[in-house]
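In: sequence first, predicted coordinates after that:
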Amino acid sequence: MDLGNNMNFLVPIFYFIFGGLAVLYYKRKGAPKTPEDVVDNILKDAFKGTEKDSHKEAELVRALYQNENFIKDLSLTAKYKGKTVGYILFTKIKINEEELLALGPVGVMRRFQKKGVGKSLITQGQQLAKKKGFKGVFVAGDPNLFKKFGYKPASEFGIKAPFEIPDENFMGIELVPGAFDGISGTLEYPQEFLDFMKN
């Protein structure tokens, strides 16, 4: 698949085809240009004109790139008809020494929204996370969106966020049935996430 000259600093792992949508997964690789530049553009465009139009999501991703909980293979971009238009990040979190994942940020450039790009990033990202051995994912976000993917309020599992957030906006999903059985308490997030949630 043609990645285009501007994408030669990314190394594809594998891809899926959904009609006109090609979702590609990349590992970061040192080069004169960086994946952060692409991600910045996607997230800034995705949230332009919304209450999140502050570039904080792009800044969060750049900060998480330097964190030990950053997972290269779960920093994913999506291409639509040859153009890189979407991004999603899964970061390692913990509870009671159990390693799980935090989803976010996730964003799709505005002109490519409502075309299934975000859906594919979330569903295929979760499948990849499961293949890598992770059993569950948590997200701070819109319940009207994430409940479509099977997310439930984390409180139903007896699990809490380490930051202030309405109950309905903090959700989790078991990638493996029963993954949260016997687990309760407060999740441990990277400090970068905690700082982001304060703003």
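Out: Happy to help now that I have it.

In: just for the chain, where's the confidence low?
Out: Applying pLDDT under 70 to the chain flags the ranges 1-34, 51-54.

In: where is the longest helix in it?
Out: helix 117-131 (DSSP state H).

In: which outside residues touch whichever helix or strand comes after it?
Out: Using DSSP states H and E, the helix or strand that follows helix 117-131 in sequence is strand 136-140. With contact meaning C-beta atoms under 8 Å, 6 or more residues apart in numbering, strand 136-140 is reached by 90, 93, 100-104, 126, 129, 146, 151, 154, 159, 161, 163, 165, 169-176, 179-180, 187, 197. Quick note: C-beta positions are derived from backbone N, CA and C, even for glycine.

In: give me the sheet partners of strand 136-140 and which way each runs.
Out: Neighbouring strands of strand 136-140 in its sheet, by DSSP bridges, are strand 98-108 (parallel), strand 170-174 (antiparallel).

In: now the ones you listed in CSV, with distance to residue 137 and mean neighbour count?
Out: Output for the strands paired with strand 136-140, formatted as CSV (distance: least, C-beta to C-beta, whole Å; neighbours: other C-beta atoms under 10 Å):
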stretch, distance to residue 137, mean neighbour count
strand 98-108, 5, 22
strand 170-174, 5, 23
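
In: which one of these lies nearest to residue 56?
Out: strand 98-108 (8.9 Å; C-beta to C-beta).

In: this protein: strands as residue ranges?
Out: Listed in chain order, the strands of the chain (DSSP state E) span 11-18, 21-27, 70-80, 83-95, 98-108, 136-140, 152-153, 159-160, 170-174, 185-186.

In: quick one: which of those strands is nearest residue 55?
Out: Here strand 98-108 is closest among the strands of the chain (C-beta to C-beta), at 11.2 Å.

In: what residue is smack in the middle of this protein?
Out: Closest to where the C-alpha atoms of the chain average out (C-alpha atoms, centre = their mean) is residue 89, at 2.9 Å.

In: from what I see, that one and residue 65 are in contact.
Out: No - Residue 89 lies out of contact with residue 65 (C-beta atoms under 8 Å); the separation is 9.2 Å.

In: now for these two: what residues contact both?
Out: Joint contacts of residue 89 and residue 65 (C-beta under 8 Å, 6+ apart) are residue 75.

In: contacting residues for residue 123?
Out: Residue 123 neighbours (C-beta under 8 Å, 6+ apart): residue 149.

In: next one: it from residue 186, what distance?
Out: 28 Å (C-beta to C-beta, to the nearest Å).

In: residue 157 too?
Out: For residue 157, the distance to residue 186 - C-beta to C-beta - is 12 Å.

In: the more surrounded of these two?
Out: residue 157 (19 against 12; other C-beta atoms under 10 Å).

In: contact partners for the closest residue to that one other than its chain neighbours?
Out: Nearest residue to residue 157, sequence neighbours excluded (C-beta to C-beta, 6 or more residues apart in numbering): residue 180, at 4.3 Å. Under the criterion of C-beta under 8 Å, 6+ apart, the neighbours of residue 180 are 136, 157, 158, 159, 172, 174.
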